[in-house]
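[1] next one to model:
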Amino acid sequence: MIDLILPPLLLSIVLLLIHSYYGLQIIKRNIIFTDLAVGQMAALGVAVSLYLFEGKFLYPISLLLAVLTAILIAYISHKEKSLQEAFIGLIYALGMSGVFIVMSKSPHGLEELNNLLAYDILFTSYNEIFKVSILYLIIGLFLYFVVRNTQGFLKDILFFTTFAITLTSSVKLAGVLVVFSILIAPSLISLKLFSKNHLIYATITGFILILISLTLSYNFDLPTGYTIVFINSLSALTTILIKK
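    Model (predicted):
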């Protein structure tokens, strides 16, 4: 069992370290659906690449759509803040409908659509984990040394752009729903249960939830990605209902 779940556990730790930071920021800014909107546009890029180019240019097309979306969200948050949530929701609807339209023309559309939503991370290779670890380390250093020393519109542009780059890589490995669940659920639980050190507690909480998810998935032959989404979502919802 350990040989099978070790790669997804390592990937989970890498994802949680950077997504817990973004999750806390997204919740504090009250723009929860930004992740879904940017992630969905990255997924649209994957769908376009699979259908039109047989998977070629997958990363650059996804990254381009995700970064453009992030820049638009940063722009609208300064120009018309009252319309921000509606704008983000419409982008999500645009991306989701675009994915369904493109995938409806693909002979393997349903299978590819499932992968875009919740990829089975059991089959992630060590090489992919290493590459994404290096990328997230660079982004983490950039956030710490550059982004936190900026202000205003420039800070938002840098924040959302690095967020888009992170999501594009994560969606390719884990799927839109898995990324959303590990971005929001552990951070929200940490904010509800603890008064400080939220980043540390969010990472630990996320790791425990993913370990539970992988164990359930392995022992009951459940789809790994959707099990992670279910356990994270259920835990966060329960925490909100129980904790005052």
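[2] what's the mean pLDDT across stretch 144-154?
    The pLDDT scores in stretch 144-154 average 87.
[3] name the residues that touch it?
    Identification of contacts with stretch 144-154 by C-beta atoms under 8 Å, 6 or more residues apart in numbering yields 74, 78, 155, 158, 159, 162. C-betas here are computed from N, CA, C, even on glycine.
[4] closest one of the residues you listed to residue 100?
    residue 74 (27.0 Å; C-beta to C-beta).
[5] which of the contacts of stretch 144-154 count as buried?
    Buried members of the contacts of stretch 144-154, scored by 16 or more other C-beta atoms under 10 Å, are 74, 158, 159, 162.
[6] pretty sure residue 243 is touching residue 194, no?
    No. Judged on C-beta atoms under 8 Å, residue 243 makes no contact with residue 194 at a distance of 10.7 Å.
[7] comparing these two, which residue is more hemmed in?
    Using other C-beta atoms under 10 Å, the more surrounded residue of residue 243 and residue 194 is residue 194, with 13 against 9.
[8] nearest residue to the more buried one in space, please, no chain neighbours.
    Using C-beta to C-beta, 6 or more residues apart in numbering and skipping the chain neighbours, the partner closest in space to residue 194 is residue 201 (4.8 Å).
[9] what's the answer for residue 87, then?
    Take residue 87 and drop its neighbours on the chain: the residue closest to it by C-beta to C-beta, 6+ apart is residue 76, 4.8 Å away.
[10] can you name the residues that contact the one you found?
    Counted by C-beta under 8 Å, 6+ apart, residue 76 has contacts 83, 84, 87.
[11] ok, the second one to residue 75 distance?
    In this structure, residue 84 and residue 75 are separated by 10 Å, where distance is defined by C-beta to C-beta, to the nearest Å.
[12] mind naming the longest helix for the chain?
    Secondary structure of the chain per DSSP state H: the longest helix is helix 2-29.
[13] nearest spatial neighbour of the residue nearest the centre of the chain, skipping sequence neighbours?
    Residue closest to the mean C-alpha point of the chain, counted by C-alpha atoms, centre = their mean, is residue 179 at 3.0 Å. Among residues not flanking residue 179 along the chain, residue 170 sits closest, at 4.6 Å (C-beta to C-beta, 6+ apart).
[14] neighbours of the one you found, how many?
    28.
[15] next, the buried residues of the strand or helix carrying it.
    Element membership for residue 170 (DSSP states H and E) is helix 152-174. Of the residues in helix 152-174, those buried by neighbour count under the rule 16+ other C-beta under 10 Å are 156-174.
[16] any idea how far it is from the chain center?
    Mean-position distance between helix 152-174 and its chain equals 10 Å (C-alpha atoms, centre = their mean, to the nearest Å).
[17] which helices and strands sit right next to the next helix or strand after it?
    The first helix or strand that comes after helix 152-174 along the chain, using DSSP H and E, is helix 176-193. Helices and strands touching helix 176-193, by 3 or more C-beta pairs under 8 Å, 6 or more residues apart in numbering; DSSP states H and E, are helix 2-29, helix 34-53, helix 109-117, helix 152-174, helix 198-220, helix 224-242.
[18] can I get helix 176-193 as PDB, trimmed to CA atoms?
    Output of helix 176-193 as PDB, limited to C-alpha atoms (Å, rounded to 0.1, in the frame of the first residue of the first chain):
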ATOM      1  CA  VAL A 176     -10.100  21.600 -10.900                       C
ATOM      2  CA  LEU A 177     -12.200  20.200  -8.000                       C
ATOM      3  CA  VAL A 178      -9.300  18.600  -6.100                       C
ATOM      4  CA  VAL A 179      -7.300  21.800  -6.300                       C
ATOM      5  CA  PHE A 180     -10.300  23.900  -5.100                       C
ATOM      6  CA  SER A 181     -11.000  21.600  -2.200                       C
ATOM      7  CA  ILE A 182      -7.400  21.500  -0.900                       C
ATOM      8  CA  LEU A 183      -7.100  25.300  -1.400                       C
ATOM      9  CA  ILE A 184     -10.200  26.200   0.600                       C
ATOM     10  CA  ALA A 185     -11.000  23.500   3.100                       C
ATOM     11  CA  PRO A 186      -7.800  23.200   5.100                       C
ATOM     12  CA  SER A 187      -7.400  27.000   5.200                       C
ATOM     13  CA  LEU A 188     -11.000  27.500   6.300                       C
ATOM     14  CA  ILE A 189     -10.700  24.900   9.100                       C
ATOM     15  CA  SER A 190      -7.400  26.400  10.300                       C
ATOM     16  CA  LEU A 191      -9.100  29.900  10.400                       C
ATOM     17  CA  LYS A 192     -12.100  28.500  12.400                       C
ATOM     18  CA  LEU A 193     -10.100  26.400  14.900                       C
END
